[in-house]
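*Asks:* show me how the following folds:
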Amino acid sequence: EIPDVDMVVGGFPCQDYSVAKPLSQAGGIDGKKGVLWWDIYRFLHLKAPRYVLLENVDRLLKSPASQRGRDFAIMLSCFADLGYSVEWRVVNSAEYGAPQRRKRVYIYAELAASAWDLEERLKTGVLATALPVQEVSSFSRVEIPDDPYEATQSFNTRSGAKSPFLTAGVMQGCHVLTTDVLEAYEGERKTLKDVIVPEEEVPAEFYIDADRLERWRYLKGAKREERIDKRTGFKYRYSEGSMAFPDLLENPSRTILTGEGGAGASRFKHVIKVGERYRRLVPDELDLLQGFPKGWTDTSMTDGQRAFCMGNALVVQIPHEIGKVIAQRHVDGQA
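*Replies:* Take a look at the predicted model:
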């Protein structure tokens, strides 16, 4: 038997939130790819925890391309159906001092909340308190269908329409207030240089041989070239912009991905230059970029597995700050 809990936290794939049937037809909510959101929804329905904190990529607010914002509208409709009020924020961790630029949306939901003044909640809620922003004066209002099925069928169906969900917002009773915000952070700011380990701790295999540097430069560089699809023989013009090579130690890093491990050349892996030598990031540095202690993933996993774990992780200081505010308001009876 699943025990009762006060809080649910987690992330879930951002793929497909289609709804097969109206709620009136035996619940009828089925993601076509069985994504984890529906398991979260069912758990909330069964156990009704007071607090929920979720994390996802920021494109969740814009998906799918054919009906911008529909997927998030479905989620909000599900929350409202269960009696939850919701806050959300798109957060770039580097803007709050982290050594990595990692943009994610954090979703906080609270059950049986007292009536919210939406404008005030947007300024003084859990997320705004944990992650301060500059004063905002303009807002957009959005109405969410009270049945997720209706969101699937009718939400933002105009061709070419943008998502109505901006980088911050609140919802209660299917009424949404949303706006774009700018961070108001005055603390210490870290960069990629702050996580670099001493060179004597770097295994030889992380250095890039001189004869392989040209391949790395090609992958990181700008391209406009003709390519051929190997399966069909179709010719097409491929283009992409350039990336910094090597990565700049004076800036926060780019978002680290699951493919950071392995010696093969890649457009998306980080490469730094220390002295006259180029190298990839070691697992200890990836741990530190996510805010974990150095060596956090050093548990007999391979270097590739450690990199995969960190590419799937999040910058821990962000949920830590949110958690502190939730805990304090819970103690004070103000959450």
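*Asks:* okay, now L46: neighbour count?
*Replies:* Burial of L46 is recorded as 10 neighbouring residues (other Cβ atoms under 10 Å). For the C-beta atoms, the positions are set from N, CA and C on the backbone; glycine is no exception.
*Asks:* same thing with D71?
*Replies:* D71: 28 neighbours (other Cβ under 10 Å).
*Asks:* also A48?
*Replies:* 14.
*Asks:* same question for E250.
*Replies:* For E250, using other Cβ under 10 Å, the count is 7.
*Asks:* surely it forms part of a strand?
*Replies:* No: counting by DSSP: H, G, I helix; E, B strand; the rest coil, E250 is not found in a strand; it is coil.
*Asks:* R215 sits in which helix or strand?
*Replies:* Using DSSP states H and E, R215 falls within helix 213-220.
*Asks:* roughly how far out does the helix or strand that that helix is followed by sit from the chain middle?
*Replies:* Per DSSP H and E, the first helix or strand lying C-terminal to helix 213-220 is strand 223-228. Relative to the chain's own centre, strand 223-228 is displaced by 31 Å; criterion: Cα atoms, centre = their mean, to the nearest Å.
*Asks:* quick one: average confidence on strand 223-228?
*Replies:* The pLDDT scores in strand 223-228 average 92.
*Asks:* ok, it: who's next to it in the sheet?
*Replies:* In the sheet, strand 223-228 lines up against strand 235-240 (antiparallel) (DSSP bridges).
*Asks:* pull up the pairing partners for the next helix or strand after the strand it pairs with, direction included.
*Replies:* Next helix or strand after strand 235-240 toward the C-terminus (DSSP H and E): strand 271-274. Sheet partners assigned to strand 271-274 using DSSP bridges are listed as strand 277-280 (antiparallel).
*Asks:* setting aside sequence neighbours, what's the nearest residue to H45?
*Replies:* Sequence neighbours aside, L82 is the residue nearest to H45 in space, at 6.0 Å (criterion: Cβ to Cβ, 6 or more residues apart in numbering).
*Asks:* against G291, how distant is that neighbour?
*Replies:* 32 Å (Cβ to Cβ, to the nearest Å).
*Asks:* and if you look at K324?
*Replies:* For K324, the distance to G291 - Cβ to Cβ - is 14 Å.
*Asks:* kindly report the same for E120.
*Replies:* 31 Å.
*Asks:* who's more crowded, those two?
*Replies:* G291 (22 against 12).
*Asks:* pull out the buried residues from the helix holding R215.
*Replies:* Neighbour counts over helix 213-220 (16 or more other Cβ atoms under 10 Å) mark 216, 219-220 as buried.
*Asks:* number of nearby residues for A73?
*Replies:* Quick note: A73 (other Cβ under 10 Å) scores 30 neighbours.
*Asks:* helix or strand for it, which one?
*Replies:* helix 70-81.
*Asks:* just the CA coordinates for the helix or strand following that helix, please, in CSV.
*Replies:* Moving toward the C-terminus from helix 70-81, the next helix or strand (DSSP H and E) is strand 84-92. Output in CSV follows, covering the C-alpha atoms of strand 84-92 (Å, rounded to 0.1, in the frame of the first residue of the first chain):
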residue,chain,number,x,y,z
TYR,A,84,-4.7,22.6,-6.4
SER,A,85,-3.5,26.2,-6.9
VAL,A,86,-0.3,26.6,-8.9
GLU,A,87,2.7,28.8,-9.4
TRP,A,88,5.3,28.4,-12.1
ARG,A,89,8.6,30.0,-13.0
VAL,A,90,11.2,29.6,-15.8
VAL,A,91,14.6,29.8,-14.0
ASN,A,92,18.0,30.1,-15.6
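*Asks:* chain center to strand 84-92: distance?
*Replies:* Centre to centre, stretch against its chain (Cα atoms, centre = their mean), the figure for strand 84-92 is 11 Å.
*Asks:* helix 70-81 and whatever helix or strand comes next after it, what's the angle between them?
*Replies:* Next in sequence after strand 84-92, counting helices and strands by DSSP H and E, comes strand 103-111. Interaxial angle, strand 103-111 versus helix 70-81 (axes from the mean of the first three to the mean of the last three Cα atoms, to 10 degrees): 20 degrees.
*Asks:* mind giving me the packing neighbours of strand 103-111?
*Replies:* Judged by 3 or more Cβ pairs under 8 Å, 6 or more residues apart in numbering; DSSP states H and E, strand 103-111 is in contact with strand 51-57, strand 84-92, helix 126-130, helix 317-332.
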